[in-house]
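Undergrad: got a predicted structure plus its sequence, pasted below:
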There are 4 protein chains.
Amino acid sequence: MDKAPAKRDIILDAAIRVFAEKGYSSSRTLDISKEAGVAYGSLYSYFSSKDEILLSIFRERWRILLERIDQINRTLSDPDERFLAIIDFIFRSYQRNPAMMKVLIMDVPRHKEFYTPENWKLYNAFFKALADIFREGQEKEIYNRNISPLIATYCIYGAVDTTIRQYVYNPEFNHEEFPIEQTRQQIVGMLKQGYSKREV
Amino acid sequence: MDKAPAKRDIILDAAIRVFAEKGYSSSRTLDISKEAGVAYGSLYSYFSSKDEILLSIFRERWRILLERIDQINRTLSDPDERFLAIIDFIFRSYQRNPAMMKVLIMDVPRHKEFYTPENWKLYNAFFKALADIFREGQEKEIYNRNISPLIATYCIYGAVDTTIRQYVYNPEFNHEEFPIEQTRQQIVGMLKQGYSKREV
Amino acid sequence: MDKAPAKRDIILDAAIRVFAEKGYSSSRTLDISKEAGVAYGSLYSYFSSKDEILLSIFRERWRILLERIDQINRTLSDPDERFLAIIDFIFRSYQRNPAMMKVLIMDVPRHKEFYTPENWKLYNAFFKALADIFREGQEKEIYNRNISPLIATYCIYGAVDTTIRQYVYNPEFNHEEFPIEQTRQQIVGMLKQGYSKREV
Amino acid sequence: MDKAPAKRDIILDAAIRVFAEKGYSSSRTLDISKEAGVAYGSLYSYFSSKDEILLSIFRERWRILLERIDQINRTLSDPDERFLAIIDFIFRSYQRNPAMMKVLIMDVPRHKEFYTPENWKLYNAFFKALADIFREGQEKEIYNRNISPLIATYCIYGAVDTTIRQYVYNPEFNHEEFPIEQTRQQIVGMLKQGYSKREV
DNA sequence: AATGAATGAGGTTTCATTCAT
DNA sequence: GATGAATGAAACCTCATTCAT
């Protein structure tokens, strides 16, 4: 009984590629079925609607992110190392599957049906997990207590997200001038130390 | 001869509200005309298509942002003060017209027709202006020279953008618990000093 | 009081050129007003609708054709000479104003509103006038009595019309290979003598 | 696999009736789908646009005419008999399907998209085939050598076309007074012998 | 009478979804 | 379950006509 689940994932992966390429609403279900190599109507054996495909992408892929954070939390205890590992995971996710990141960042939150309490709960679980790490850093007296953990989290995620978005979208952003590994280090450095020159 | 320009702007403002509410592709041109209180066909006297309305919003509003930065650069000379003023302007823009910010952040960059060289040039002019300020701060030895000005700029903008987005979208984000003025100060503090506790 | 009639005719002439160029239904009233160099709304000072412009073209220009036949009938008495003069007039009309002929041949009869009894009466007056000439030729024993005058008339007009249409429309029809004057003579010759070689 | 072709032809036949009734541009695609008894959108499974329907009618039906001429040429060798058979076929086509003839004569040549080199080539193939027959008649010394074969062809076709058009359109043309078979004979007689009385 | 901005009904086309095979 | 032809609601846009100036 591996066949049905496999096909479901084939469709989901195809949908990610198509949505990333054209955007959700410019993507036609026919495009998805072609990309997946399945019959037109087969989409509806696995998903009730086009909406449902997008939301499934969000729910299933976001859950993987959350699980990964859980795993990092279990493996590492130092907040700094945890943030590093998470940022690393996000960067590598972009590198592995930029299409998925495009969809998660650009299409999911712009979709009307996304705005249900359950989806928000799942979405915010990510920020809450990050905020928990931050809070622990504050308790361990290694992070600044003047900053709200949630706000800190938004800043961290926003800095990472906006930068990676340039790699994905911005044609004027020169990949060779900014090697991704170096960029990652600069972001982490800046978030931790700030952009102001430290007094000696 | 104030009439025609006025009507064009009425349509543009209405379109911003409608796009913000429903997203670009779920918005119908009929909705826009109703919201603007003009006849259906009048949209097409001022804009050649629905696409053109969205792109006009981007071009005209983004230009205002750039002009504002110019003005700030002419008025203030200290890089710190300049960043503060720009972040302040962005925060106040959100407060004044969150709908416009939604559209600029969420709809414009997800639209296929957006991706023309001219539009990218205009878009990137914002980041270049910020990077110039950052570079000056480095030359004045007040900003960290280890960070690329462009990356720094993405981090600054990303932190601000992602946080404000929570005010605009996230129903679980409690506005009262996080007064906007205080949030702004925390972001600026964190970007400048980093989240790590400074050694004394 | 020459002004108003002048403008009316300016519009009519402009409409003929526009209809000939694009066909009636692809022609926009805006095109006509621009071609005429009058204000958009002015069309409706002189004509009640776009339909009415087309029908006015037919009524007024067709009447000129009928008057010309009348004049020919008054001037000439020999049926052969009369036909020659009429065919000559039609050929020269094409040369002078092919646009008008295009409209009269192609657009007017394909228009729904054309099919009123009065219009048909006017239209058929042309064929009746020709048939009368033919009948007289039969009575004078110079034309074949076995042919119905009306059918003869359709054949004569059809031969002329179809040939001239090639000059106007057919891009593969080489004008230089077929000088119009020579073509006219061949048509007249063929209609009168038939295409069969006469026994000596 | 008879189903798809059948439906395509059902749509084409329905379109012919609708176009003949209202003219191409007054015909709505909804009318065609209703007349064909198929769903609205089905039109677009078989044709890419309304234009394409009209041009398909031309291309497919005109090809049948050309094939018929080919067949006549293979079956008969006498030019006179060939012309007779072709005129006969045209007359019978009108009788069988006057709607199709209306569309071919009135709508197709007035349509902008018709004017492509390929369409003209197909269109002119008809006249070229007729001209070849005429030329052969000249070589066999049975047709007048003074007439250009192409001009002769236009006259023959124009006479037939204009006359049949009266049957189809002209409400003042009395079908009973002019039995179609008799009309056909008169046309053929007139084209061959001319309308002038032959000297004995 | 002249103007042209405004109007909105109606057209073509798209495409998510259904369903008979 | 798989297939893809069929369906028809709904979208964008056009453009003849009106009407306030």
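TA: Received, thanks.

Undergrad: going forward, measure contacts between C-alpha atoms and count neighbours the same way
TA: Will do.

Undergrad: okay, buried residues for the helix or strand containing A:Ile164 please.
TA: For A:Ile164, the element it lies in under DSSP states H and E is helix A:149-169. Buried residues in helix A:149-169, defined by neighbour count with 16 or more other C-alpha atoms under 10 Å in any protein chain shown: A:149-168.

Undergrad: next up, the contacts around the one residue in chain A that gets nearest to chain C.
TA: Residue nearest to chain C within chain A: A:Ser26 (30.5 Å; C-alpha to the nearest C-alpha). Contact analysis of A:Ser26 by C-alpha atoms under 8 Å, 6 or more residues apart in numbering or on different chains lists A:Phe19.

Undergrad: from A:Val38, how far out is it?
TA: 20 Å (C-alpha to C-alpha, to the nearest Å).

Undergrad: how many neighbours does the residue nearest to A:Tyr94 when sequence neighbours are not counted have?
TA: Spatial nearest neighbour of A:Tyr94, chain neighbours left out: A:Met101 (6.1 Å); criterion: C-alpha to C-alpha, 6 or more residues apart in numbering or on different chains. By the measure other C-alpha atoms under 10 Å in any protein chain shown, the count of residues near A:Met101 is 22.

Undergrad: A:Leu12 reaches A:Leu55, doesn't it?
TA: No. If you go by C-alpha atoms under 8 Å, A:Leu12 and A:Leu55 don't touch, sitting 10.4 Å apart.

Undergrad: and the two? Which one has more around it.
TA: A:Leu12 (22 against 18).

Undergrad: so that one is in which element?
TA: Applying DSSP H and E, one finds A:Leu12 within helix A:3-22.

Undergrad: which helices and strands does that helix pack with?
TA: Secondary-structure packing of helix A:3-22 (3 or more C-alpha pairs under 8 Å, 6 or more residues apart in numbering or on different chains; DSSP states H and E): helix A:29-36, helix A:50-75, helix A:98-102.

Undergrad: could you break chain A into its assigned domains?
TA: Annotated domains of chain A cover A:1-47, A:54-193 [automatic domain parsing].

Undergrad: the shortest one - what's its average pLDDT?
TA: Which is domain A:1-47. Mean per-residue pLDDT for domain A:1-47: 89.

Undergrad: is it anywhere near DNA strand F?
TA: Yes. Domain A:1-47 reaches DNA strand F (C-alpha under 7 Å from any atom of the strand) through A:Ala4, A:Val38, A:Ala39, A:Tyr40, A:Gly41, A:Ser42, A:Ser45, A:Tyr46.

Undergrad: follow-up on the earlier one: wait, the residue nearest to A:Tyr94 sits on A:Arg92?
TA: No. The pair A:Met101 / A:Arg92 is not scored as a contact, 10.7 Å apart, by C-alpha under 8 Å.

Undergrad: ok, A:Ser196 - how many residues close by?
TA: A:Ser196 has 19 nearby residues by other C-alpha under 10 Å.

Undergrad: what values do phi and psi take at it?
TA: The phi/psi pair for A:Ser196 (degrees, to the nearest 10) reads phi -70, psi 140.

Undergrad: quick one: it from DNA strand E, how far?
TA: 49 Å (C-alpha to the nearest atom of the strand, to the nearest Å).

Undergrad: now the residue nearest to that residue when sequence neighbours are not counted: how far from D:Phe114?
TA: Using C-alpha to C-alpha, 6+ apart and skipping residues adjacent in sequence, the residue nearest A:Ser196 is B:Tyr143, 4.5 Å away. For B:Tyr143, the distance to D:Phe114 equals 69 Å [C-alpha to C-alpha].

Undergrad: residue contacts, A:Leu76?
TA: A:Arg82.

Undergrad: can you rerun that using 10 Å?
TA: A:Arg82, A:Phe83, A:Ala85 (C-alpha atoms under 10 Å, 6 or more residues apart in numbering or on different chains).

Undergrad: in a strand, A:Ile147, correct?
TA: No. Secondary structure of A:Ile147 (DSSP: H, G, I helix; E, B strand; the rest coil): coil, not part of a strand.

Undergrad: surely it and A:Gly137 touch.
TA: No. Using C-alpha atoms under 10 Å, A:Ile147 makes no contact with A:Gly137, being 11.5 Å away.

Undergrad: need the residues touching each of those two.
TA: Contacts common to A:Ile147 and A:Gly137, judged by C-alpha under 10 Å, 6+ apart, are B:Tyr195.

Undergrad: right, and the residue nearest to A:Tyr94 touches A:Thr162 too?
TA: No. Taking contacts as C-alpha under 10 Å, A:Met101 lies outside contact range of A:Thr162: 11.8 Å.

Undergrad: list residues touching both of these two?
TA: A:Val168.

Undergrad: still on that earlier bit, what about the residue of chain A closest to chain C, is that helix, strand or coil?
TA: Going by three-state DSSP, the state assigned to A:Ser26 is coil.

Undergrad: state the distance from it to chain D.
TA: Relative to chain D, A:Ser26 is positioned 19 Å away (C-alpha to the nearest C-alpha, to the nearest Å).

Undergrad: got the phi and psi for that residue?
TA: Dihedral pair for A:Ser26: phi -80, psi -10, per degrees, to the nearest 10.

Undergrad: ok, A:Arg59 - contacts?
TA: A:Ile53, A:Leu104, A:Glu118, A:Asn119, A:Leu122, A:Tyr123.

Undergrad: great, nothing more from me.
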